[in-house]
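> kindly generate the corresponding structure for this input.
(chains A and B)
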There are 2 protein chains.
Amino acid sequence: MTASRPATVAHILAQNASAYPDRIALIDGDIRLTWTDLASRVDRLAGALRQRGVSRGDRILWLGQNSFRVYELLCVAAKLGAMVCPANWRWSAAEIEFAVDDFDPRVVFWQSEEIGDVIAQVPGRTERLWIRHDADPGGDGYERLVTGGNPPTDLPEVSSDDALLVIYTAAIDGRPGGSMLSHTNLITTALTTSWAYSVSAQTVFLNAGPMFHIGNWQIVGLPTFVMGGTNVILRRPDPSAVLDALASQKCTSAFLMPATIAEVAVLQRKQARDLSAFRANAAFQLWQGLVELDDVPATRISGGIGYGQTEMSGLNVLPAFGADGVGNAGRPAPGLTVALLDENGVPVRDGETGEICVRGGIVHLGYWNRRETNAYRFRHGWWHTTDLGRWESDGSLTFIGTMTRMIKSGAENIFPAEVEAALESHPAVREAAIIGVPNPRLLQDVKAIVALHEGTELTQEALIEHCKAKIASFKKPKSIEFVERLPRHGPDKDYDTLDDIFGGGGYPGGVNLGGGAGHEVKRNVS
Amino acid sequence: MTASRPATVAHILAQNASAYPDRIALIDGDIRLTWTDLASRVDRLAGALRQRGVSRGDRILWLGQNSFRVYELLCVAAKLGAMVCPANWRWSAAEIEFAVDDFDPRVVFWQSEEIGDVIAQVPGRTERLWIRHDADPGGDGYERLVTGGNPPTDLPEVSSDDALLVIYTAAIDGRPGGSMLSHTNLITTALTTSWAYSVSAQTVFLNAGPMFHIGNWQIVGLPTFVMGGTNVILRRPDPSAVLDALASQKCTSAFLMPATIAEVAVLQRKQARDLSAFRANAAFQLWQGLVELDDVPATRISGGIGYGQTEMSGLNVLPAFGADGVGNAGRPAPGLTVALLDENGVPVRDGETGEICVRGGIVHLGYWNRRETNAYRFRHGWWHTTDLGRWESDGSLTFIGTMTRMIKSGAENIFPAEVEAALESHPAVREAAIIGVPNPRLLQDVKAIVALHEGTELTQEALIEHCKAKIASFKKPKSIEFVERLPRHGPDKDYDTLDDIFGGGGYPGGVNLGGGAGHEVKRNVS
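A predicted model of the protein is given here:
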């Protein structure tokens, strides 16, 4: 009785082609596809790839920038039971080579413009089917496949639990891993995100974020696709192209970084384009006076940063759920279960710090081709995020930081993020970083580097006492160095430099848990 | 890797107890349970029932009126992998006996107040565990089970695809059937309904509709439960109790029939209670000037009636989806796929009439204990609703009527609802009913009984010509009788009386397809 099975992305496409036949599904430059057009092109491309042997479980790699064709390939893969991975188009030839070897795709779609020279350096190109997506329509590329294809007649039975979208996330033991997201993962997150961001068939979303990260898909490319709205695709987020697309396509929302918003806002102050359709869901202050404020119900918007990672289909702990939480991350989306576990898989008590572990329909299937890592990260029946959190007494979650940096002191594991949070809770402390310094007996000692707010004073002793009231005594810093400001790599504290300056080292080997993964989703979205 | 599995209702309860520990989950008279209270009571009751042998797949029958205990039993069944069925408390002893035999429950919870006398007439009460739910807390009933229970230690693995809630719907071959709704069914419809009705953790929903129908569960008891809001339960919808609950509990929404709304509105005009929290989602005109209008985004509210049945988890085709449809039913909820099929399982063309067939995560598992019916209704990989629909050119759906009344003329099956829709599309026709009259050669002829708008005139011939332009010629009435008005049972056309007056009969046997099922969900909800 497969009629009771949850929908696949192919079912969503078919239903939207039925429900919204003449409305626009995709816009990319001069290309405008109705839902009917999209369904027809997907049918023909699926037939062409089926004819070339693409079967259930096969992989399709996209080596290109943002394109409407990535949405098409998502639908094609959904019909064929295959997976599609949009690779980072800024990768070097060596990184591409690694991904090709690792992902082992049957078909590679590649782009000549901007990145063709790098791709040309990748060896072994004759072993697979390489198809250029931006060739002339008459040339031997993507468009000729579409034109020449016939709808497939021998489609496999595809399950909503099959992997569909694969996103490479941060390094595991030095190697990026491809997080496999199923139909159910993507559709479930689309439903709850549609609720949180008020996405509907009237949404016109500007895909200005990179398709090789989860952020643009979740907020809100996939919800827009699922709800029958319009996705507008930008190859890359050049400010003038963004402003032009927002105005000319009457976009209602967009995935934009704060730096891009600021640049677009400068342009808009000069050009005064008509942005009356646009609603700012976040980064209000950057848009002030330029665009409409949000029309999402007021309870859905509040402070906080949310929490998520690619491996849980994106930002699925949100202040929007519950609306009045103390914790900076908010509450889990409905259907997501979160536990904070200690090293033995036992839940920590409220107020204590534990690893954020998750379970539910938005948790990914694991990394492609990483059997051991998957078994470890799924231990005790939970996906272990390698991030630290704390329950507040009102039931909301505070995201503290990653566990991928760890200090070993005696038998104890100490996570810098937790100690830094304790230090930074002191009103005089502006910022703090924790490093481990070698100790011949205990392996390492905890050392803090702290910058105070201007005009404040604090002794090492008083600050250590403050920490003892917040965290277990063995975690408190043995010594504190005061500095004017912490060195940083962009927004991140630069621990390597701190280790160099203050004698850090002796970190335990083999404890890189592969986390910090997917933190790229923690971005402002407008 | 069960961590990737969709949530069960037990997971939702556990997560809400974590996220909303001190907020109120359930209110029933003087009883107010926080999410923590609820989780604790459910744990103990689950332990008590586990100890009494209730296992995965077992059935629990509720013979009582609305109660917070039905929500508790839903959670208990979710933990144990069991099913719970709230029976219609207006059933006769014979109907209860049928349901007990058919559903074969391990435990029956029953109510003494109002319905104890009827229940006492049900035979065979010693063969199962019968527990009175409204006994004194000190007595041998529900509350003592809760008090005496210990959290179970040997819970089975429960799948989100397991049956959980069973609702008896209209007759199949004369017998009601228990529609089995899974965890995934209930949670999926809760998510899309939360979107459509803007349900959140701030929702306070008055459960004034009967728990033995899907309507009150879907709109919006389950969404309120899933989103972490508050469910207020009324034993029965007495107007003064409704008004008191709306005001004293600061309800934001309620499941109310138009007749009840009208009575409550009369009371409110006298009493002028504070209903400032309340938002009317429907039946605006009845509430005019008395309560706040809806604060759901405007695009979610429009004309139309929606379409659904218990077997598809309620009203899951809604004008809210798509927002501007021509068809009276609107568009399918995201994740629901709808096809209109002919007798051979082939999709009909746009504008033609076909059986509404559905597929997706909200389609029920089938009827309990009805193997043959299930196989038939799930044929061709679709759930067959036994209702007729038509696609409009904009992709929206028009619900035409049930197929459970059928006329046989020669080899052709003719559904009165389709012919009536053709007749009623004539501007002079106010209402029309179709019956079959015996014909020795063809089995039956199609006969129409028609009431015209006052002051209009129309010949039989002209109206038959009108039909020929709308539907296949063999479906057109052979004869038409004009009357002042059609006889009705409440809102429904009274076909038995029409058969008696105009010589109807000769209907084909064994074609009752068990439909019309669940049309009780098509009610106004405020």
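> so how far is residue A:4 from the residue of the stretch 301-450 of chain A found nearest chain B?
With C-beta to the nearest C-beta, the shortest gap between the stretch 301-450 of chain A and chain B falls at residue A:361, namely 3.6 Å. (Glycine included, C-beta is placed from N, CA and C.) With distances taken as C-beta to C-beta, to the nearest Å, residue A:361 is found 16 Å from residue A:4.
> between these two, which is the more surrounded one?
residue A:361 (29 against 23; other C-beta atoms under 10 Å in any protein chain shown).
> report the contact partners of that one.
By C-beta atoms under 8 Å, 6 or more residues apart in numbering or on different chains, residue A:361 lies in contact with A:184-185, A:188, A:335-336, B:4-7, B:160.
> looking at this, it is in a strand?
No. Using DSSP: H, G, I helix; E, B strand; the rest coil, the assignment for residue A:361 is coil, not a strand.
> which non-adjacent residue is nearest residue A:199?
If the residues on either side of it in the chain are set aside, residue A:199 comes closest to residue A:223, at 4.1 Å by C-beta to C-beta, 6 or more residues apart in numbering or on different chains.
> just list what the helix or strand hosting the one you found packs against, helices and strands only.
With elements taken from DSSP states H and E, the one containing residue A:223 is helix A:222-227. Applying 3 or more C-beta pairs under 8 Å, 6 or more residues apart in numbering or on different chains; DSSP states H and E, one finds that helix A:222-227 contacts helix A:9-19, helix A:183-197, strand A:230-233.
> columns mean neighbour count on top of these, output as a markdown table?
What follows is those, written out as a markdown table (neighbours: other C-beta atoms under 10 Å in any protein chain shown):
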| stretch | mean neighbour count |
| --- | --- |
| helix A:9-19 | 25 |
| helix A:183-197 | 28 |
| strand A:230-233 | 24 |
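> same list (the ones you listed) but as TSV, adding mean pLDDT and distance to residue B:125.
Output for these, formatted as TSV (pLDDT from 0 to 100; distance: least, C-beta to C-beta, whole Å):
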stretch	mean pLDDT	distance to residue B:125
helix A:9-19	97	47
helix A:183-197	96	44
strand A:230-233	98	61
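> among these, which is nearest residue B:198?
Smallest distance to residue B:198 across these (C-beta to C-beta): 8.6 Å, for helix A:183-197.
> immediately after that closest one, which helix or strand?
Downstream of helix A:183-197, the next assigned helix or strand under DSSP H and E is strand A:204-207.
> what mean pLDDT does that following strand have?
For strand A:204-207, mean pLDDT is 97.
> chain center to it, what's the gap?
17 Å (C-alpha atoms, centre = their mean, to the nearest Å).
> ok, and does that strand reach over to chain B?
No. Judged by C-beta under 8 Å from any C-beta of the partner chain, strand A:204-207 and chain B are separated, with a smallest distance of 13.1 Å.
> any part of the helix or strand just after that strand near chain B?
Going down the chain from strand A:204-207, the next helix or strand is helix A:214-216, by DSSP H and E. No. Helix A:214-216 lies out of reach of chain B by C-beta under 8 Å from any C-beta, never closer than 15.7 Å.
> mind giving me the packing neighbours of helix A:214-216?
Applying 3+ C-beta pairs under 8 Å, 6+ apart, we find helix A:214-216 packed against strand A:314-318.
> could you give the angle of the strand it packs on to helix A:183-197?
For strand A:314-318 against helix A:183-197, the angle by axes from the mean of the first three to the mean of the last three C-alpha atoms, to 10 degrees is 50 degrees.
> neighbouring strands for strand A:314-318, and are they parallel or not?
strand A:307-309 (antiparallel), strand A:331-332 (antiparallel) (DSSP bridges).
> right, and residue A:103 touches residue A:60 too?
No. Residue A:103 is not in contact with residue A:60 according to C-beta atoms under 8 Å; the separation is 9.2 Å.
> anything in contact with each of those two?
In contact with both residue A:103 and residue A:60: residue A:85, using C-beta under 8 Å, 6+ apart.
> the two - which one has more neighbours?
residue A:60 (25 against 19).
> residue contacts, the closest residue to that one other than its chain neighbours?
Nearest non-adjacent residue to residue A:60, counting by C-beta to C-beta, 6+ apart: residue A:84, 4.5 Å away. By C-beta under 8 Å, 6+ apart, the residues touching residue A:84 are A:59-62, A:70, A:73-74, A:76-77, A:164-166.
> what do you get if the cut-off is 6 Å, keeping everything else the same?
A:60, A:73-74, A:77 (C-beta atoms under 6 Å, 6 or more residues apart in numbering or on different chains).
> so it: helix, strand or coil?
Classification of residue A:84 by three-state DSSP places it in strand.
> any idea what it is bridged to?
Applying DSSP bridges, one finds that residue A:84 bridges with residue A:60, residue A:165.
> distance of it from chain B?
19 Å (C-beta to the nearest C-beta, to the nearest Å).
> and the closest residue to residue A:317 other than its chain neighbours, how many neighbours?
Nearest residue to residue A:317 in three dimensions, chain neighbours excluded: residue A:307, at 4.0 Å (C-beta to C-beta, 6+ apart). Neighbour count for residue A:307, taken as other C-beta under 10 Å: 29.
> which pLDDT value goes with residue A:307?
So, for residue A:307, pLDDT stands at 95.
> ok, it - contacts?
Residue A:307 is in contact with A:317, A:329, A:399, counting by C-beta under 6 Å, 6+ apart.
> who does the worst-scoring helix or strand of chain A on mean pLDDT pair up with?
Using mean pLDDT, DSSP states H and E, the weakest-scoring helix or strand in chain A turns out to be strand A:292-293, at a mean of 71. Under the criterion DSSP bridges, strand A:292-293 sits next to strand A:279-280 (parallel) in its sheet.
> near chain B at all, the helix ranked longest in chain A?
Assignment by DSSP state H gives helix A:35-51 as the longest helix of chain A. No. Legend: contact between helix A:35-51 and chain B by C-beta under 6 Å from any C-beta of the partner chain is lacking; minimum distance shown is 8.3 Å.
> and that helix, which residues are buried?
Buried positions in helix A:35-51, judged by neighbour count with 16 or more other C-beta atoms under 10 Å in any protein chain shown: A:35-39, A:41-50.
> got the contact list for that helix?
With C-beta under 6 Å, 6+ apart, helix A:35-51 has contacts from A:13, A:16-17, A:20-21, A:25, A:72, A:75-76, A:79-80, A:145-146, A:149-152.
> try stretch A:375-387
With contacts defined as C-beta under 6 Å, 6+ apart, stretch A:375-387 is touched by A:309, A:345, A:355-359, A:363, A:402-404, A:513, A:515, B:1-3.
> quick one: which of these is most hemmed in?
residue A:363 (30 neighbours).
> quick one: contacts for that one?
Residue A:363 neighbours (C-beta under 6 Å, 6+ apart): A:312, A:383, B:3-4.
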